[in-house]
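1. Based on what follows, work out the 3D shape:
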Amino acid sequence: MAYNWVLWFHIISMVSWFAVLFYLPRLFVYHVENAGNAGFIEVVQIMEMKIYKYIGVPAFWATLISGTALIIMSTAHYGINVFQMGGWMDAKLTLVTILTAYFFSLGHYRLKLQENSNYKSGKFFRMYNEVPTLLLIGIVALVIVKPF
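-> Numbers count the residues shown, from 1 in each chain. Next up, the predicted model:
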């Protein structure tokens, strides 16, 4: 029963984290493309900070901790460790590691935008916004299908 509650919490945390991963780069597009509008930029910077700091960071940690708990609970329940779960888990953890790096890169870009030292375009951020979608497709496919 506890496993199901941790799984529920993991899914809720992941959805919250992905909301940030999808929305923050979109705010970066608005930020870059409206650089001449100081009032607008001030509002967008506050939104960027709040979504990253107050939603993204807690959701990231909640996802990471609950995912780790699920691995530990699976090990205890099924008697296998993460290295015996198959290649799909290795691939999933690799994609999650890339996703984690992506998340922290958003924090980097947020600070660059705040300091007015950003050199990336709106087009870059539009394309960069597709990264979490591709990773999500891969992660969910691996978890559901377990192809290897």
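2. helices or strands up against the longest helix seen in the chain?
-> In the chain, with assignment by DSSP state H, the single longest helix is helix 2-33. If you count contacts as 3 or more C-beta pairs under 8 Å, 6 or more residues apart in numbering; DSSP states H and E, helix 2-33 packs onto helix 38-50, helix 57-78, helix 87-114, helix 122-128, helix 131-145. All C-beta atoms are positioned from the backbone trio N, CA, C, and that covers glycine.
3. Touching the second one from outside, list them.
-> For helix 57-78, the surrounding residues in contact (C-beta atoms under 8 Å, 6 or more residues apart in numbering) are 2-3, 6-7, 9-10, 13-14, 16-17, 19-20, 80-82, 85, 96, 100, 103.
4. if you set the cut-off to 6 Å instead, what comes out?
-> 3, 6, 9-10, 13-14, 16-17, 81-82, 103 (C-beta atoms under 6 Å, 6 or more residues apart in numbering).
5. And that helix, what's buried?
-> 59-60, 62-64, 66-67, 69, 74 (16 or more other C-beta atoms under 10 Å).
6. before we move on, what about the last one?
-> Within helix 131-145, the residues that qualify as buried are 131-132, 135-136, 138-139, 142, counting by 16+ other C-beta under 10 Å.
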